[in-house]
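Participant: model this:
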Amino acid sequence: MKGTTFNFDAVAKYYDSWYDDPVGKAYDLQEKRAVERVLPAAGENPELLEVGPGTGHWSAWFAGKGFRVTGVEISAEMTSIASGKNIPGARFIRGDFLEADVTGPFQVAAAITSLEFIPDPNGALDRMRSLLCPGGTIIVGALNRRSLLGVSRKLKGAKDPVFHNARFFTTGELWELLARYGKPRVFGSTFALPSRLLVRTAPAMEIIGGALCPCFGNFIVGSVMV
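Facilitator: Presented below is the predicted three-dimensional model:
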């Protein structure tokens, strides 16, 4: 599929099942708490651009925060599922983000676990920047290459069809990507191990991990105001 390193049509039907799993629910909660730390309050023109919204899971959350969401998704199957959810305040455009017919200005441009699958992340960020209003915010949520989960997924190699060709980032790499637009804020989150037996430790691990090793969370968040 052009414009992405993976054909998400193949996993669209069961993509949301991750959020029904106890581990997925715990990770989702911590990831959203992390993004909420950098998400500005919806303003007078609360337009939010979401790059790679997939099945609309994060779109619903952004809309619940008061934003009008425009999601640009390259997968036809995922776009269909997202649109079928009829999320109030959200609309979805099917296409390659670098070529899609979308205009701003947006208050926020967000890419949550999607930059890893875009062959030209710099180009994607440049376009996100160009569609923002003055004082707008870029937010990136990405998988951490140096985390235990990131390492294990890469070690699985071809056995993991989704992440085999994904490009994971480190906090330093994400900082460098965003520093072209201003002074970024980058931090790690979601430190719990991917185990149902340990899922109850997630809140405690978030406190301990954030204090002792903030660069090694499974999920990293970067933001910059332009």
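Participant: per-residue pLDDT of residue 31, please?
Facilitator: Looking at residue 31, its pLDDT stands at 94.
Participant: quick check: it touching residue 219?
Facilitator: Yes: contact criterion C-beta atoms under 8 Å: residue 31 and residue 219 qualify, at 5.0 Å. Heads up, the C-betas are built off the backbone N, CA and C, glycines and all.
Participant: what's the overlap in contacts for these two?
Facilitator: Contact with both residue 31 and residue 219 is made by residues 141, 189, 190, according to C-beta atoms under 8 Å, 6 or more residues apart in numbering.
Participant: ok, so of those, who is nearest residue 179?
Facilitator: Distance to residue 179 across these (C-beta to C-beta) is lowest for residue 141, with 17.4 Å.
Participant: for the residue nearest to that closest one when sequence neighbours are not counted, what are its contacts?
Facilitator: Distances taken as C-beta to C-beta, 6 or more residues apart in numbering put residue 112 closest to residue 141, at 4.1 Å, once the chain neighbours are dropped. Residue 112 is in contact with 31, 35, 50, 52, 58, 139, 140, 141, counting by C-beta under 8 Å, 6+ apart.
Participant: so what does residue 220 look like in phi/psi?
Facilitator: Backbone torsions for residue 220, taken as degrees, to the nearest 10, come to phi -120, psi 140.
Participant: that one: neighbour count?
Facilitator: Burial of residue 220 is recorded as 31 neighbouring residues (other C-beta atoms under 10 Å).
Participant: pull out the buried positions in the longest strand seen in the chain.
Facilitator: Criterion DSSP state E: the longest strand present in the chain is strand 132-143. For strand 132-143, the neighbour count (16 or more other C-beta atoms under 10 Å) marks 132, 136, 137, 138, 139, 140, 141, 142, 143 as buried.
Participant: and of those, the nearest to residue 42?
Facilitator: residue 137 (11.6 Å).
Participant: just confirm that closest one contacts residue 224, I think it does.
Facilitator: Yes: counting by C-beta under 8 Å, residue 224 is a contact partner of residue 137 at 7.1 Å.
Participant: grab the CA positions of stretch 11-27 and hand them over as PDB.
Facilitator: Taking only C-alpha atoms (Å, rounded to 0.1, in the frame of the first residue of the first chain), the coordinates of stretch 11-27 have been written out as PDB:
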ATOM      1  CA  VAL A  11      -5.900  -6.300  10.300                       C
ATOM      2  CA  ALA A  12      -8.700  -3.800  10.300                       C
ATOM      3  CA  LYS A  13     -11.500  -6.200  11.500                       C
ATOM      4  CA  TYR A  14      -9.800  -7.200  14.700                       C
ATOM      5  CA  TYR A  15      -7.700  -4.100  15.300                       C
ATOM      6  CA  ASP A  16     -10.000  -2.800  18.100                       C
ATOM      7  CA  SER A  17      -9.800  -6.200  20.000                       C
ATOM      8  CA  TRP A  18      -6.600  -5.000  21.600                       C
ATOM      9  CA  TYR A  19      -8.600  -2.500  23.700                       C
ATOM     10  CA  ASP A  20     -10.900  -5.300  25.000                       C
ATOM     11  CA  ASP A  21      -7.900  -7.200  26.500                       C
ATOM     12  CA  PRO A  22      -7.000  -6.300  30.100                       C
ATOM     13  CA  VAL A  23      -3.400  -5.400  29.100                       C
ATOM     14  CA  GLY A  24      -4.700  -3.300  26.200                       C
ATOM     15  CA  LYS A  25      -7.100  -1.500  28.400                       C
ATOM     16  CA  ALA A  26      -4.400  -0.700  30.900                       C
ATOM     17  CA  TYR A  27      -2.000   0.500  28.200                       C
END
